[in-house]
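3D model of this:
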Amino acid sequence: MRPWPAVGVALALLLWSGQPAFGFACLKTSSGACQHWEQQTTTLRSLLGSAGGVLINGTTTWDQNAFNAANDWNSIGSNFRYSFEFGGSQPPLCLCPNPGSSGVTPVLFASEPCSGGGFGDIVAETVNCFLIESGALSSSAVFVNSSISWNAYDGALRLPVYDLRRVVLHEFGHVLGLAHPDAAGQEVVALMNSRVSNLDRLQTDDINGAFSLYPTGPSSNGSNTGCQLGPAPALPWMWASVAAAAGLLCRRLR
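Numbers count the residues shown, from 1 in each chain. Just a heads-up that it's a prediction; the model follows:
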C-alpha cells in the first residue's frame, strides 16, 4: 500500500468547494450549498460495541475509540459540538427518505452500507440526508466495513489491520459536512484526504475546514431532501464514499 494521497471519489452531482489558499472542501448539494447542521450539533449513537480484546489505545471498546474521535472534533473550538451516546436502535440501511431520528448519527459495523450492495474494498461509508436548497442536514450515519480486520492504534498504519479511531475520525469530518480536499485538486496535509494514511490526528487543514462551516453558526432555509452515495473506488486504502445530493438514489456508483 502507498499510504499517501490521492484518488478522488466524486459524483457528477457532487460539487466540491475549497480555495487553493485553504485546501479544505465542503460537501455541496446540487444547489451549491455546503452541507451543515443548522443546530450546530448531532448526537453520535455508537453501536460499535466491545472489541472483545485489549486495544493498543488502552481501551477495550470500539465505542470508546469513537467517543475519543468525536472529542477530537469537539476540542478544536469551532461552533459545532458532537454529543455522544452508547447503544440504541440501528438505522435503516438506506437512510433517505426515512432517516430515523432527526439529529442522530448512528455509527455501526455493517456488511453493506446501503441496500443493494456491499462495501467492496472501501473501509467505511458515510451517508448524509439534507435539504438540497440550503444544505441543512437532518440525519447522518456512518457504516464501518465489518469484513476488515480492525484494532485501534496510533502512528503508522499496520496493515492489513486498520485503525478504527482514525477511520471514524475521518468519517465524523464527513458528518460535519467536509469533503476530500485532494479530490478537490488540493495538495494539503489533511486527515480528510481520500486515502487512509499514517496521519492519526486532525491537521490544521481539517480544523480550518470545520471553522469554515461553523464560524458563528450557519442558518438557512430550504426544501426537498436528497441522499446519494458517492462511488467506491476499488482500493482497500481508500476512505469511504460520501453522501451527495440528488434525489433518493441510495446506491454506490463505481
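
how long is stretch 131-143 from one end to the other?
In stretch 131-143, first residue to last residue: 21 Å (Cα to Cα, to the nearest Å).

stretch 153-161 too?
10 Å.

need the residues that contact it.
With contact meaning Cβ atoms under 8 Å, 6 or more residues apart in numbering, stretch 153-161 is reached by 1, 3, 55-57, 149-151, 163, 165, 196-198, 200, 237. In this view, the C-beta of every residue, glycine as well, is placed from N, C-alpha and C.

can you list the buried residues in it?
If you call a residue buried by 16 or more other Cβ atoms under 10 Å, then stretch 153-161 has these buried ones: 153, 157.

please apply the same query to stretch 161-168.
Buried residues in stretch 161-168, counting neighbours by 16+ other Cβ under 10 Å, are found at 162-168.

which of those residues fall in helices?
164-168 (DSSP state H).

which parts of the stretch 101-250 of the chain are helices?
Along the stretch 101-250 of the chain, the segments classed as helices by DSSP state H, counting those that start in this stretch run 164-176, 204-213.

please identify the most buried of those.
Among these, judged by mean count of other Cβ atoms under 10 Å, the one packed with the most neighbours on average is helix 164-176 (a mean of 26).

keeping just the C-alphas, turn that one into PDB.
The C-alpha trace of helix 164-176 is given here as PDB (Å, rounded to 0.1, in the frame of the first residue of the first chain):
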ATOM      1  CA  LEU A 164     -10.700   2.200  13.800                       C
ATOM      2  CA  ARG A 165     -10.100   5.500  15.600                       C
ATOM      3  CA  ARG A 166      -8.500   7.400  12.600                       C
ATOM      4  CA  VAL A 167     -11.200   6.000  10.300                       C
ATOM      5  CA  VAL A 168     -14.100   7.200  12.300                       C
ATOM      6  CA  LEU A 169     -12.300  10.500  13.000                       C
ATOM      7  CA  HIS A 170     -12.200  10.900   9.200                       C
ATOM      8  CA  GLU A 171     -15.900   9.900   8.800                       C
ATOM      9  CA  PHE A 172     -17.000  12.300  11.500                       C
ATOM     10  CA  GLY A 173     -15.500  15.000   9.300                       C
ATOM     11  CA  HIS A 174     -17.900  14.000   6.600                       C
ATOM     12  CA  VAL A 175     -20.700  14.100   9.100                       C
ATOM     13  CA  LEU A 176     -19.800  17.700   9.800                       C
END
